[in-house]
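Enquirer: here you go, sequence then predicted model.
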Amino acid sequence: MRGIAQDRGGKWLPVIGCIGLGLLLTACGGDSSNRKEGTPPSVGGGTPPVQATLQGTAAIGQAIANATITASCQDGSGFTLTPVTTDSNGKWSGKVENDQLPCLLELGGGTPAIELTSMAFTAGTTNISPLTQLALVMAKTDAELDWKPTVANWPSEAEVNSAATELVNALKEKGYAPDSLQGNPFDTEFDADGTGWDALLDAIRELVEDPAGAIDGYDALAQLLAEGNLNTLPDHEEQNNPELPANLDVLTGYAGTYTVIGSGTGDPGYCGSCGIANRDHSRGTVTITAQGDIDFDDGINLAATDIVAIYDRKNIDFDRRIAVNFGESDSDERVRLYLNSDLDVVEIIHDDGQGTTTRALIQEETVSPEVQASIDSADFGANANPTQAEFLALMTATWPVAIYETPESNPQWYGEGSLTISGSTADWMMELKGADGSIISSLQSSGALTGALTPFSEEDYGFGPIYMPGQLFINQGTGITEFLNTFAEWDSGLIEGSAGGNGEVKFRNSMEAYGSGVPDIFVDLAGTWSGSAQVSCNGPFGPFSTVTNTMVITAGGHFTLDGEAQLCGGTFPQELEWGGNNDFLIPGVEESDGAFLMHIDAQDFVNVSAGKIQVRFNEDMTVKSLSAWVSGELFELRDAVKQ
């Protein structure tokens, strides 16, 4: 199984973001169901629809972790419970209404970053991988899959199976897979462990990422297949592989004796797939000789002559490592040296190929602790129904905002930036600056293709006031420097918006905490929390039983979940932590959210929501509720108490 390589052509087959010309406050979704997230379908007094369970593996020769999967079925419906996400092994599970199959499955937002499509015709296993995408390309000879929005244009099951068979047979003939490989890329179960179907995905990934190769990325491969040029694929034996065992110097460059300071835990910043240690390191040192021998621990001595392959992954930002394989695949015995940004060894891991993992921690990450970042809400005064001119006057200022999503090419923008608004109703301007002070976008309303200057307002329909947000919108194109959209809420003081027609840059105020700095509230949260949950292992209609779930939280922002999800799906324990740019503490949006709401691994950046873990707080920052989503199922702790 290969590590993550930098995409030369960006994400494969990107989908258009949902906040371009639409309202930022309206979530894009992916399933057409109007049910509230996490709520099972109403059964009323009639016969409930029969549900089909779909599950599978999402991989590219490496598990695609923490991705969101959406379903689009014949009638426009989708998963009955959302979100549906992949775990660290690329595994996922979700339910659709059986009579609405087939369904398109679209994956995005995971690690590694890629967007893929698959298709489910029956309940059971449906995998999502470049193979499923390529088979769909071949089924309709369309590299862009432009047929997806129109159900009548979808390929039939026979067309998809025929394309998949043709593709796999050609890959076998070219040496990318052995003749012994059995099954179908869509419905044959497999693990992302470097063997079988995952080994074939590895080989395809090598093909499209080979800098000396003729096929530059998955897009180019899809185009080649759409044009009917399957027979022009190069033979696998002809591919240059710079990671043969002959590159022993990659390993011997780290020769020396390393002192072990403890056992590694969780998925720290340098590693997203370290695994769970189930054996302690006993001796306290690891030695790598100048000849490439590895004396890992008492009784674990690995000779350089037994090395099958060395994989150099020092040039990637995530899972930066050197992998030394002593078998034909990643599921065999191997040693991994994980490195920090200075390319110093942080942790050395030994997998014996029989299920035993030893994580030898060499040093703590030498990074300065981040300061907790926060941005207050705005005060728009007492006028909830201003005229257009009064609204512009209220908004005329330089507002601090959190730039909380940026393109990979501009990480320097992330952090506290500013939004400046000024001018007159005849000609007004908006300017967004990044955390580094540079101008992200600066636009005048005059000459815009489209625009809006709409005041916020208060309406009363007899059951209490309804507050409508104001909007400031300038569209001079689709680029980041040509498109600015801002919304302002009078009652909450929220300012939020985006730059770029696909929402490439997102910003808002009303952030109690965001970014990599662990919030101070974790000091009070730290401990073991337990609470009850009603679960049914036989489906959403019962019978139900009561179980006790636990959530262990550390002062450093680490979560360990154990127990049962709503329908007994997923694997436990689950581990997540605050530390990336997808963790937020914001004011509660709904009354049921409490005064404040924490999202760990938020899946929706448009509205900052759908965290895999959600912690709700009262006004005094005591815990109101704890919950999580595991493999698309609710994991809850009712009446949670800290032990």
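Expert: Happy to help now that I have it.

Enquirer: domain ranges for this protein?
Expert: Domain segmentation of the chain under automatic domain parsing yields 51-238, 249-361, 377-509, 521-642.

Enquirer: roughly how far is the shortest one from the heart of the chain?
Expert: Spelled out, that is domain 249-361. Relative to the mean C-alpha coordinate of its chain, domain 249-361 is positioned 26 Å out (Cα atoms, centre = their mean, to the nearest Å).

Enquirer: between the two ends of that domain, how far is it?
Expert: One end of domain 249-361 to the other measures 23 Å (Cα to Cα, to the nearest Å).

Enquirer: okay, now the unreliable bits of the stretch 1-150 of the chain?
Expert: 1-48 (pLDDT under 70).

Enquirer: repeat for the chain
Expert: Counting by pLDDT under 70, the chain contains low-confidence residues at 1-48, 237-245, 267, 269, 272-273, 316-319, 330, 364-373, 580, 606.

Enquirer: in it, which residue is closest to the centre?
Expert: G110 (3.0 Å; Cα atoms, centre = their mean).

Enquirer: how far off centre is the helix or strand containing Q603?
Expert: Here Q603, judged by DSSP states H and E, is contained in strand 596-604. Here strand 596-604 is found 13 Å from its chain centre; the criterion is Cα atoms, centre = their mean.

Enquirer: neighbouring strands of that strand in the sheet, and parallel or not?
Expert: When pairing is defined by DSSP bridges, strand 596-604 lines up against strand 584-587 (antiparallel), strand 609-617 (antiparallel).

Enquirer: how about these in JSON lines, adding distance to W197 and mean neighbour count?
Expert: Yep, even glycine has a C-beta here, placed from its N, CA and C like the rest. Formatted as JSON lines, the strands paired with strand 596-604 follow (distance: least, Cβ to Cβ, whole Å; neighbours: other Cβ atoms under 10 Å):
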{"stretch": "strand 584-587", "distance to W197": "37", "mean neighbour count": "22"}
{"stretch": "strand 609-617", "distance to W197": "27", "mean neighbour count": "22"}
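
Enquirer: packing partners of the helix ranked longest in the chain?
Expert: Ranked by number of residues, the top helix in the chain under DSSP state H is helix 157-173. If contacts are counted by 3 or more Cβ pairs under 8 Å, 6 or more residues apart in numbering; DSSP states H and E, helix 157-173 sits against helix 130-140, helix 196-209.

Enquirer: determine the angle, from 0 to 180 degrees, between that helix and helix 196-209.
Expert: Calculated by axes from the mean of the first three to the mean of the last three Cα atoms, to 10 degrees, helix 157-173 forms an angle of 70 degrees with helix 196-209.

Enquirer: from here on, call the first residue 4.
Expert: Sounds good: first residue 4 from here, last item helix 160-176.

Enquirer: keeping just the C-alphas, turn helix 160-176 into CSV.
Expert: Listed next in CSV are the C-alpha coordinates belonging to helix 160-176 (Å, rounded to 0.1, in the frame of the first residue of the first chain):
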residue,chain,number,x,y,z
GLU,A,160,-26.1,-2.6,-14.2
ALA,A,161,-25.2,-4.6,-17.3
GLU,A,162,-23.2,-1.7,-18.8
VAL,A,163,-21.3,-1.1,-15.6
ASN,A,164,-20.5,-4.8,-15.1
SER,A,165,-19.3,-5.1,-18.7
ALA,A,166,-17.1,-2.0,-18.4
ALA,A,167,-15.6,-3.2,-15.1
THR,A,168,-14.8,-6.6,-16.6
GLU,A,169,-13.2,-5.1,-19.6
LEU,A,170,-11.1,-2.7,-17.5
VAL,A,171,-9.9,-5.4,-15.1
ASN,A,172,-9.1,-7.9,-17.8
ALA,A,173,-7.0,-5.2,-19.6
LEU,A,174,-5.2,-4.4,-16.4
LYS,A,175,-4.4,-8.1,-15.9
GLU,A,176,-3.1,-8.4,-19.4
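
Enquirer: buried ones in it?
Expert: Under the neighbour-count criterion of 16 or more other Cβ atoms under 10 Å, helix 160-176 has 160, 163-164, 166-167, 170-171, 174-175 buried.

Enquirer: same list, these, but as a markdown table with distance to E515 please.
Expert: As requested, these are exported to a markdown table (distance: Cβ to Cβ, whole Å):
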| residue | distance to E515 |
| --- | --- |
| E160 | 50 |
| V163 | 47 |
| N164 | 51 |
| A166 | 50 |
| A167 | 49 |
| L170 | 50 |
| V171 | 51 |
| L174 | 51 |
| K175 | 55 |
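
Enquirer: list of residues touching stretch 390-403?
Expert: By Cβ atoms under 8 Å, 6 or more residues apart in numbering, the residues outside stretch 390-403 that reach it are 378-379, 381, 383-384, 386, 389, 419-428, 431, 456-459, 473, 475, 491, 498, 512.
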